[in-house]
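Engineer: need a 3D model of the following:
(2 chains)
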There are 2 protein chains.
Amino acid sequence: MRNDNWSCTGVRPAGLIIRQKDPNNLEMPFDQLGEFITPTELFYIRSHFPTPELDPVAYRLSIGGAVGKALRLSYAEIRAMPSRTRVATLECAGNGRVFLVPPVPGAQWELGAVGNAEWTGVPLSLLLERAGLADDVCEIVLEGADRGMPKEEPKPPGPISYARSIPRARAMESDVLIAYQMNGRDLTPDHGYPLRAIVPGHYGMASVKWLTNVVATTQPFQGYWQTSDYGYWDDSAGVPVRRPLAEMKLKSQIARPRVYETLEPNRSYCIFGAAWAGDTDVTEISISDDGGASWVQGEFLDPINRHAWRRWKYDWITPTQPGRYTLLARATGADQRTQPDGHDPNFGSYVIDHPLPIEVFVAAL
Amino acid sequence: MRNDNWSCTGVRPAGLIIRQKDPNNLEMPFDQLGEFITPTELFYIRSHFPTPELDPVAYRLSIGGAVGKALRLSYAEIRAMPSRTRVATLECAGNGRVFLVPPVPGAQWELGAVGNAEWTGVPLSLLLERAGLADDVCEIVLEGADRGMPKEEPKPPGPISYARSIPRARAMESDVLIAYQMNGRDLTPDHGYPLRAIVPGHYGMASVKWLTNVVATTQPFQGYWQTSDYGYWDDSAGVPVRRPLAEMKLKSQIARPRVYETLEPNRSYCIFGAAWAGDTDVTEISISDDGGASWVQGEFLDPINRHAWRRWKYDWITPTQPGRYTLLARATGADQRTQPDGHDPNFGSYVIDHPLPIEVFVAAL
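Structural biologist: Residues are numbered from 1 along each chain as shown, chains lettered A, B, ... in the order given. Here you go, the predicted model:
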């Protein structure tokens, strides 16, 4: 049993937790949260199908559809174009799924299907300007090289690729990248080599890996991954209509202590975690050690940086009374909204954005 | 990226990995393997239903069925009886399930649904002798207080308790305990308070938690957990017949490095793990760093101790060539048998006893 006054930037060997073996779905042990930037070897890996092996020499990125001039760019050509580097947090839309009761199908991510990395690449807008978008283009479809038979109903008649669209206006914003580097090194196969999209602020499904095809469309894209999967029911206008997931909802997570950790009573302990949001800034973080009956304010370790998480901490004194305690963290955004109390079933098996309980034990040695 | 010459008894804060939230199914992060005895706060927790809350004052253990004299013993009476302490490794029959491709239903345990603890309690044989078994008793059914609707087909018509039998001869061996302590402390609710069975050498499903009822039967028990669940197909005699799981099959696991860890090239690294078997002793451990093409011998850190695991290590020099390497461990038993190459589908989603691949990366800093 331990109750270290554990450094808020703990260090230990890397390694991931397997949630599914094939295709590769591995998450970060979230207690390994340390620096602002998540090391590549700790960054979660989410795949729908086997990892494609793409030859950088033969590889071409196609830009087509409703454009003035279709393009086929080589990896070398992309690498030679003006680049940008941006920090962005990616979270899998199913992160936290294991906390849902009753359980729902899908990879049972815990807390670690989220990471914050530095991405380097060519702004998508540069490529779209070069191709010349038709006036009535409304969306940009991003398609990867990975393919197979998906699992959610309604299923397509045969194997399909992974493809997903973003609105034109979002695609033209300069922070949307066609990235070839992650944390200063070329993408690894698991992380999308040779190129992937990075759509800051959106759940990870938008940031298509092994990108091979960019298609400008004049109709909203109704592909499988936009409708059957990665969608939700919007019932704000009476009749529920199907919408695709997009921006990450405001969320916070406790990295340390971890679930079922045993701590000594009446000792100093640094509760540590991160908070993020896709469409607002995180401005407050509150922590509870009594299952939400009372809350205190934590402090941030990182400044506001849209699309990147803010790590936070709270210097706790563990209870004197032995027993079981439920820790919670709850973030508030610049728009004054806070995390909901529970999971909204309209989101199906996605968007688990309520404060996630971390039960710990306090026991004398 | 790290490549510590990591102590073979690494220490870090405790905490478990959630595989299912409700009912409680949490596993040890197996890289936390340290001492011979698994600390209670690291020991995996496997439940089928919500954890019963039993009042130690009102609690009674019933011994009945085909006995001369049925008994109802209080917790205090059990505690006052002659006790024994035994070390036994328990492994969940579904440990390693996440490694199966394609995936199968059930909690996706990785490596940590196994632990080795010291159990203290009354030998079951003492209670059965006191009750007096009829001559034709063939099995002893152990029933717990947890109940609910199980998941596997064929399902019973309504909620049932967790109940499982062991053969009479096994039940009468003095190492089978009605335990009230784990590692020198009273059982916690998660681990079966106030009493649980401990059947050394059997998969964990035999070691019934929250034990309330012991029933001597003259017919083989055909309960749900003996047939629909925790069973396998035995096709050794031509026609496959259904049999219940019992002894743990020979198995070894690598605790360190962990999956997807990144190591420096040409450095000293202590590969560390454990091996066990229910019906033989583990006599050899072999390790491969090339996916099974070649093997070297490891050394054991623990002596042979039937029903307890043997930790082992191998002093590896990491490859010079950067890349991805697959580590495997394979145990051999005193009966000269070794682990199989792959999973036997007759075992369904259980008994994942082949060498489990640990992929690591070697990369220069």
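
Engineer: spell out which residues of chain A are next to chain B.
Structural biologist: A:1-2, A:4, A:6, A:11-22, A:26, A:29, A:31, A:39, A:41, A:45, A:98-103, A:108, A:110, A:256-262, A:361 (CB under 8 Å from any CB of the partner chain). (Each C-beta comes from the backbone N, C-alpha and C, glycine too.)

Engineer: filter those residues to the buried ones?
Structural biologist: By neighbour count, with 16 or more other CB atoms under 10 Å in any protein chain shown, the residues of chain A next to chain B hold A:1-2, A:4, A:6, A:12-21, A:26, A:29, A:31, A:39, A:41, A:45, A:98-100, A:103, A:108, A:110, A:256-262, A:361 as buried.

Engineer: and the nearest residue to residue A:277 once chain neighbours are set aside, how many neighbours?
Structural biologist: Using CB to CB, 6 or more residues apart in numbering or on different chains and skipping the chain neighbours, the partner closest in space to residue A:277 is residue A:250 (4.0 Å). Residue A:250: 24 surrounding residues under other CB atoms under 10 Å in any protein chain shown.

Engineer: please, where are all the helices along the stretch 151-300 of chain A?
Structural biologist: Secondary structure of the stretch 151-300 of chain A, counting by DSSP state H, counting those that start in this stretch: helices at A:168-171, A:224-227.

Engineer: the stretch 201-350 of chain A: strands as residue ranges?
Structural biologist: Remark: strands assigned in the stretch 201-350 of chain A by DSSP state E, counting those that start in this stretch are A:211-217, A:231-234, A:241-244, A:251-256, A:262-263, A:268-276, A:282-288, A:296-297, A:299-300, A:310-317, A:323-333.

Engineer: give the other helices and strands that the first one contacts.
Structural biologist: In this case it means strand A:211-217. Helices and strands touching strand A:211-217, by 3 or more CB pairs under 8 Å, 6 or more residues apart in numbering or on different chains; DSSP states H and E, are strand A:60-65, helix A:124-131, strand A:139-148.

Engineer: buried sites along the first one?
Structural biologist: Applying a neighbour-count criterion of 16+ other CB under 10 Å, the buried positions in strand A:60-65 are A:61-63, A:65.

Engineer: what about residue A:334, distance to residue A:299?
Structural biologist: Distance of residue A:334 to residue A:299, given as CB to CB, to the nearest Å: 17 Å.

Engineer: tell me which of those two has more neighbours.
Structural biologist: Comparing residue A:334 with residue A:299 by other CB under 10 Å, the one with more neighbours is residue A:334, at 14 against 9.

Engineer: quick check, that one in contact with residue A:284.
Structural biologist: No. With contact defined as CB atoms under 8 Å, residue A:334 does not reach residue A:284; the gap is 9.4 Å.

Engineer: pick out the shakiest of the helices of the stretch 151-300 of chain A, pLDDT-wise.
Structural biologist: Of all the helices of the stretch 151-300 of chain A, mean pLDDT reaches its minimum on helix A:224-227 (a mean of 92).

Engineer: low-scoring stretches of the stretch 1-150 of chain A, by residue?
Structural biologist: A:1-13 (pLDDT under 70).

Engineer: which residues touch residue A:299?
Structural biologist: Residue A:299 makes contact with A:285, A:312-314, according to CB atoms under 8 Å, 6 or more residues apart in numbering or on different chains.

Engineer: related to what we said a few turns ago, just the ones in helices from the buried ones among the residues of chain A next to chain B, please.
Structural biologist: Members of these lying in helices (criterion: DSSP state H): none.
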